[in-house]
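J.: Below is the sequence, then the predicted model.
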Amino acid sequence: MTQPENARAVTTLFGLWSRFYDNAVPQALFYKRVHRRILRRWTPRPGERVLDVGCGTGIFLNGLAIDHDGLALTGLDLSEDMLARARRHARAGRSVAPSFVHGSVYELPFADGAFDVVLNTISCHFYMDQVRAFRAVARVLAPRGRFFCAALTQGIIGRGASLTRVAVYHPVATLRRHLEQAGFEVAGVERMFPVVALFESRRISASSRTSP
């Protein structure tokens with residue numbers, strides 16, 4: 001697997017962050033609020049194949065397994081430390097327990113059209129080549145598959161800037177353009193927090209892209 005240019009820095013960061021990621025306070029105040037907002041737009045259905053890219057310790061996927069029927073759940077993360085915790089704490093409920101895979105968003109180790117829904121929550125600011133990353137997501141989605149991406153639109157040094165080539169923060173208009181360039185139709189955008197925007201997109205089918 002070809003590692004992205006910021007892989008070492010991101011892996012180190014999330015190795016440290018994995019020790020605190022499950023803390024109830026940031027989860028309740030931030031991450032789980034993002035998860036609930038995605039669920040308002042999504043409404044999971046039995047039989048859906050779901051991939052969480054940048055799944056961390058698997059909290060979102062475990063919640064889906066416990067609360068929703070018949071989902072096939074897979075998580076992917078670049079950090080082995082995050083995945084070790086995810087595998088230890090994987091939970092089954094109304095769906096079977098999630099499975100967890102190590103890998104890069106740029107080279108997703110899945111077949112074309114393998115998923116109906118892809119989730120990405122507060123991760124895409126680490127994708128220095130967002131169009132390439134989103135194209136990889138589009139490849140593993142079935143035609144008209146749905147992509148829910150909650151993105152940080154501003155960081156420590158502001159919008160549209162990189163943080164020592166580790167993270168980049170784009171305004172909403174740029175994120176929308178990157179999704180469209182990658183083969184998505186943006187169905188909706190909503191601001192959640194002052195620095196977070198949630199994008200709901202669908203993969204455009206090959207026939208749609210080539211039709212006049």
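T.: Everything's here; your move. Numbering: from 1, shown residues only.

J.: what pairs with Val101 across the strands?
T.: Leu76 (DSSP bridges).

J.: wait, doesn't it sit right on Glu80?
T.: No: between Val101 and Glu80 there is no contact under Cβ atoms under 8 Å: 11.1 Å. Where C-beta positions appear, they are placed from N, C-alpha and C, glycine not excepted.

J.: so what's Pro194 closest to, chain neighbours aside?
T.: Sequence neighbours aside, Gln154 is the residue nearest to Pro194 in space, at 7.7 Å (criterion: Cβ to Cβ, 6 or more residues apart in numbering).

J.: residues touching the one you found, list them.
T.: The contact partners of Gln154, taken as Cβ atoms under 8 Å, 6 or more residues apart in numbering, are 169, 194-195.

J.: Also Ser205?
T.: Contacts for Ser205 (Cβ under 8 Å, 6+ apart) come out as 143-144.

J.: Could you report the pLDDT at it?
T.: pLDDT for Ser205: 73.

J.: Now do the strands for this structure: every range, in order, please.
T.: With DSSP state E as the criterion, the chain has strands at 49-53, 72-77, 99-102, 115-121, 141-152, 161-163, 167-169, 184-193, 196-203.

J.: List the buried residues in the first one.
T.: For strand 49-53, the buried set under the neighbour-count rule, 16 or more other Cβ atoms under 10 Å, comprises 49-53.

J.: separation between Val96 and Phe115?
T.: According to Cβ to Cβ, to the nearest Å, Val96 and Phe115 sit 16 Å apart.

J.: More neighbours: which of these two?
T.: The residue with more neighbours, out of Val96 and Phe115, is Phe115; 25 against 14, by other Cβ atoms under 10 Å.

J.: That one and Gly145 touch, don't they?
T.: Yes: applying Cβ under 8 Å as the test, Phe115 and Gly145 come out as touching, 6.3 Å apart.

J.: Of the contacts of Gln154 - the most surrounded one?
T.: That'd be Tyr169 among those, by other Cβ under 10 Å, with 22 neighbours.

J.: Who is that one paired with across the strands?
T.: According to DSSP bridges, the partner residues bridging Tyr169 are Ala161.

J.: Leu152 is in contact with that one, correct?
T.: Yes: applying Cβ under 8 Å, one finds Tyr169 in contact with Leu152, separated by 5.9 Å.

J.: Give me the common contacts of the two.
T.: Common neighbours of Tyr169 and Leu152 (Cβ under 8 Å, 6+ apart) are His125.

J.: Could I get the pLDDT score of Asp22?
T.: pLDDT for Asp22: 71.

J.: So it sits against Arg85, correct?
T.: Yes: between Asp22 and Arg85 a contact is recorded at 7.2 Å, counting by Cβ under 8 Å.

J.: OK, contacts around Leu119?
T.: Counting by Cβ under 8 Å, 6+ apart, Leu119 touches 38, 50-53, 60, 148.
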